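Visitor: Generate coordinates for the sequence data below:
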Amino acid sequence: MPGIGVIVNPHAGGNRSDKELIPRLTSALRGHGFVVVPETLEALETAAQKCLEESVDIVAVCGGDGSFFRALSALVRTYGTRPLPLFLPLRGGSMNTIARSVGVRAGQPPKVLAHVQQMYSSGRPLRTTERQLIHVAPRHYGFMVGCGVIVNFLQVYYGGKGRGRGAAAYWLIRAIASGVVAGSLARRVLQGFRADVLCDEERVPHRNYNVLYASAITDIGLGFRPTYLAARKRGYFHLLAGHLTAGQVIPRLHRIRGGCPLNLPTLYDNMARDVRVEFERPTHYMIDGDVLDAVSELRIQAGPMLTIVQE
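Guide: Numbering: from 1, shown residues only. Below you'll find the predicted structure:
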């Protein structure tokens, strides 16, 4: 039995303070696999190579949403056209949006890993779900890709004190309150960009944007589900692209939370499999909560299908 490879991000918000995490994860495996703790992105590539060489059946990643993006990117690059192992996201981050959205069992990572190991080693079938990874050319793979409002909000959140759902909720409430009175925080979050966007070879009929968001999961955090089409069709993800005002968004927050379309003429809202973005000026974008360097062009495509362990 090849076993389970566990990749731990020691810098993830939920992992930093747990000095006993590594021995507890190792103990949870009961000899059916290994634990690696890559300190750098180069070491993460080595960890992915070890998973391939050991032919593990399951790769568990203990970290936050950004940790999953980094680890999955390394795994897809390493495995190439070979089938990916099952993916078990362990909640070691401060938000854990991906694990929550795809229905992964809640609980401390060692406890969840021990349960999965027990099911795996006994040969019992694991409860799984599938999601389409999004490929951001040339070398990244994740579940959520965005720029504009999403990046602006993340920069406000990362610039403030505290992490996690409480801190994110605090900044969201402040942004909403600012939007009601047309305040500076709302203007900062809603700041836009100009771009040409092609979706599946058709031009999106806008030029001014403050939202461009592609996702393979429905949740974006705090229970909001703007990409209600994310898992609707194999080979596709959900794309939202357009320009929104506070006056349009605030009265429709209940619809975003309920996973309903906003039905706004300024918002392109559709499934997609290949999106090209040419920015008028270099623009920052994010993958799974990690804000990346500004680019002039962005290519977003449906990537490989990933089977996720929910136990």
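Visitor: which of the residues in stretch 131-143 are buried?
Guide: Neighbour counts over stretch 131-143 (16 or more other CB atoms under 10 Å) mark Arg131, Gln132, Leu133, Ile134, His135, Val136, His140, Tyr141, Gly142, Phe143 as buried. C-beta coordinates here come from the backbone N, C-alpha and C atoms, glycine included.
Visitor: Just the residues you listed: which are in helices?
Guide: Among these, no member falls in helices (DSSP state H).
Visitor: And the residues you listed, which is closest to Val309?
Guide: Using CB to CB, Arg131 comes nearest to Val309 of those, at 11.9 Å.
Visitor: Name the residues linked to that closest one by a beta bridge.
Guide: Counting by DSSP bridges, Arg131 forms beta bridges with Leu306.
Visitor: returning to what we had before: got the buried residues of stretch 131-143 as CSV, with distance to Gly13 columns?
Guide: CSV is the format used below for these (distance: CB to CB, whole Å):
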residue, distance to Gly13
Arg131, 23
Gln132, 27
Leu133, 23
Ile134, 23
His135, 27
Val136, 23
His140, 21
Tyr141, 22
Gly142, 18
Phe143, 18
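Visitor: Among those residues, which ones are in strands?
Guide: Arg131, Gln132, Leu133, Ile134, His135, Val136, His140, Tyr141, Gly142 (DSSP state E).
Visitor: which ones are touching the fourth one?
Guide: By CB atoms under 8 Å, 6 or more residues apart in numbering, the contact set of Ile134 is 141-145, 214-216, 237, 300-303.
Visitor: The stretch 1-150 of the chain: strands as residue ranges?
Guide: All strands of the stretch 1-150 of the chain, identified by DSSP state E, counting those that start in this stretch, fall at 4-8, 33-36, 58-63, 86-91, 128-136, 140-142, 144-148.
Visitor: Kindly apply the preceding question to the stretch 151-300 of the chain instead.
Guide: For the stretch 151-300 of the chain, applying DSSP E, counting those that start in this stretch gives strands covering 193-199, 202-203, 208-209, 211-215, 237-242, 267-272, 274-287, 290-309.
Visitor: how far does the longest one sit from the chain's center?
Guide: How far strand 290-309 lies from its chain's middle: 9 Å, per CA atoms, centre = their mean, to the nearest Å.
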